[in-house]
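Participant: Provided below are the primary sequence and the corresponding predicted coordinates.
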2 protein chains.
Amino acid sequence: MFAAEIAAPRTRFGAGTIVATPSALDRTMGAGSVRRLESKEHVFCEGDPRRHVFRIEEGVVAIYKTLNDGRRQIVDFAYPGDLIGLGTLKEHVLSAQTTCEAKVRCLSAATLEREAENDPELALKLYKSVSQELAATRSLLVSVGQRSAIERVSLFLLSLYRRPGAHEDTAVHLSMLRSDIADLLGLTIETVSRTLTKLRTMGVIELQQGGTVVTLADLARLTSLANE
Amino acid sequence: MFAAEIAAPRTRFGAGTIVATPSALDRTMGAGSVRRLESKEHVFCEGDPRRHVFRIEEGVVAIYKTLNDGRRQIVDFAYPGDLIGLGTLKEHVLSAQTTCEAKVRCLSAATLEREAENDPELALKLYKSVSQELAATRSLLVSVGQRSAIERVSLFLLSLYRRPGAHEDTAVHLSMLRSDIADLLGLTIETVSRTLTKLRTMGVIELQQGGTVVTLADLARLTSLANE
DNA sequence: CGAATGATTGACCCCCTTCAAAAGCGGTGG
DNA sequence: CCACCGCTTTTGAAGGGGGTCAATCATTCG
């Protein structure tokens, strides 16, 4: 079923991104053009030449890898402020696709790297950005490798809740489908759905707006279910 | 490294293709002392102040996280040439423990970071080191999240085989216990053992020296079982 | 040898997957 | 307004892959 999505024509950006400011990463990024993306549009695909680095301005982008038989593992959701497409190789080894409407800022990868060669501050920012991403990926790996379904889902909900500026009170908006959550957590759609239902039955969460909004009714209990 | 598809062989500092001339990193590391470690000795523990960065000189070090109930996930095996202990935080968030006798070179984390602030070349090396580690961790995450036991074990054996200088002909030495492999792959000891037995019964591998040496008798078949 | 550690093998079971169907939920058009 | 359609989510029933528990075997070392 994902085969259809993945095989579908890819939408990519034109090449008109110029970044020429010196020094700090923030100023460099400020010069990039912003693109608006529909839900499920690709930012880049595995095998594409790595021309740009992108900063998420709005929405969510799933970074994922697909196996030859269609199985998919999302390795990260990128949220506003996150950089995606960093790396040392000439080609992307992962794909990036929006899970909802989104806006991303395009930066020239070559320019960024050239500037980093003369700007230790910028280079250190890239280092720290990737270090944090590594920490997040390791954390996800621990979940997928060791935790049960209810622990994974609980922890995922908590991670959404803890993301700065992501919630009013205790309600979090799921900006992705069940299939995206499943492919992040190494579960199936059905298990994610059943687990959410179980949490609802237990009175730990409430589901609203057709399951796209989750109210964390009992944070303490949810935390305990997540098992730290 | 468990980096079948994504990561190229890890860059060795001081002898890499990135920079041929002696850099601040090389000089810094040259000044570090080398510690000899017994099997199962800790290099650092979760919560320890992050005073040093270590470069593996010999042996294998498991980087892992333990949950409060004892479950353990190894997020990486570090081999000679690899740097461990990099990061942005003041304390280690993971533990590091040898899986066999090993030697590590100790570098001052503070010195490294201070020099990186004035040396973009060094900062970029750190960036690239972490980027490659990120790629390897993502690759492992895909395995743990999506692959079956036989695929995981096959891919793990192949990753050992592909590591530069790790094998004579088709024999690879397992420098870690079944429990280490299990905790890396998100399986149990028993499943790892059963899967190796199955591979042996299929004629794909041979086990020698009490299961510490594996001969990859049918590389093509093993690759196909790994499913890329 | 005998104890300790690790690996293998067996039996059983459970969590999650798989397959299948039904139910929501928007959109669109008559 | 409602019927219809596509997409997503939910729910059900059945089965399997890997976990758990436990016994046996192998290797090392005192």
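Facilitator: All right, it came through fine.
Participant: mind listing what the closest residue in space to A:Ile205 that isn't next to it in sequence touches?
Facilitator: Nearest residue to A:Ile205 in three dimensions, chain neighbours excluded: A:Leu199, at 4.6 Å (Cβ to Cβ, 6 or more residues apart in numbering or on different chains). Using the backbone N, CA and C atoms, a C-beta is placed for each residue, glycine as well. Taking Cβ atoms under 8 Å, 6 or more residues apart in numbering or on different chains as the criterion, A:Leu199 is in contact with A:150, A:153-154, A:157, A:205, A:222, A:225.
Participant: For A:Leu199, which three-state class applies?
Facilitator: What DSSP: H, G, I helix; E, B strand; the rest coil gives for A:Leu199 is helix.
Participant: Quickly note the distance from it to B:Leu184.
Facilitator: Counting by Cβ to Cβ, to the nearest Å, the gap from A:Leu199 to B:Leu184 is 30 Å.
Participant: Give me the below-cutoff pLDDT ranges for chain A.
Facilitator: Chain A contains residues with pLDDT under 70 at A:1-31.
Participant: The contacts of A:Leu199 in helices, which ones?
Facilitator: Applying DSSP state H to the contacts of A:Leu199, the entries found in helices are A:150, A:153-154, A:157, A:222, A:225.
Participant: between the residues you listed, which has the most around it?
Facilitator: Note: the member of these with the most neighbours is A:Val153, at 28 neighbours, neighbours being other Cβ atoms under 10 Å in any protein chain shown.
Participant: thinking it is in contact with A:Leu196, fair?
Facilitator: Yes - A:Val153 is within contact range of A:Leu196, at 6.6 Å (criterion: Cβ atoms under 8 Å).
Participant: how about the helix or strand A:Leu160 falls within: buried residues?
Facilitator: According to DSSP states H and E, A:Leu160 maps onto helix A:149-162. Buried residues in helix A:149-162, counted by 16 or more other Cβ atoms under 10 Å in any protein chain shown: A:149-161.
Participant: The residue nearest to A:Glu46 when sequence neighbours are not counted and A:Val104, how far apart?
Facilitator: Excluding the flanking residues, the one nearest A:Glu46 by Cβ to Cβ, 6+ apart is A:Ser95, at 4.9 Å. Distance of A:Ser95 to A:Val104, computed by Cβ to Cβ: 14 Å.
Participant: With neighbour numbers in mind, choose between these two.
Facilitator: Taking neighbours as other Cβ under 10 Å, A:Ser95 and A:Val104 compare with A:Val104 leading, 29 against 21.
Participant: Among the buried residues of helix A:149-162, which ones lie close to DNA strand C?
Facilitator: Contacts with DNA strand C are made by A:149-150 out of these, judged by Cβ under 7 Å from any atom of the strand.
Participant: how about the residue nearest to A:Glu46, what does it touch?
Facilitator: A:6, A:42, A:44-46, A:63-66.
Participant: Let me have those residues in a markdown table, extended by neighbour count.
Facilitator: What follows is these, written out as a markdown table (neighbours: other Cβ atoms under 10 Å in any protein chain shown):
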| residue | neighbour count |
| --- | --- |
| A:Ile6 | 16 |
| A:His42 | 20 |
| A:Phe44 | 24 |
| A:Cys45 | 17 |
| A:Glu46 | 15 |
| A:Ile63 | 24 |
| A:Tyr64 | 23 |
| A:Lys65 | 22 |
| A:Thr66 | 20 |
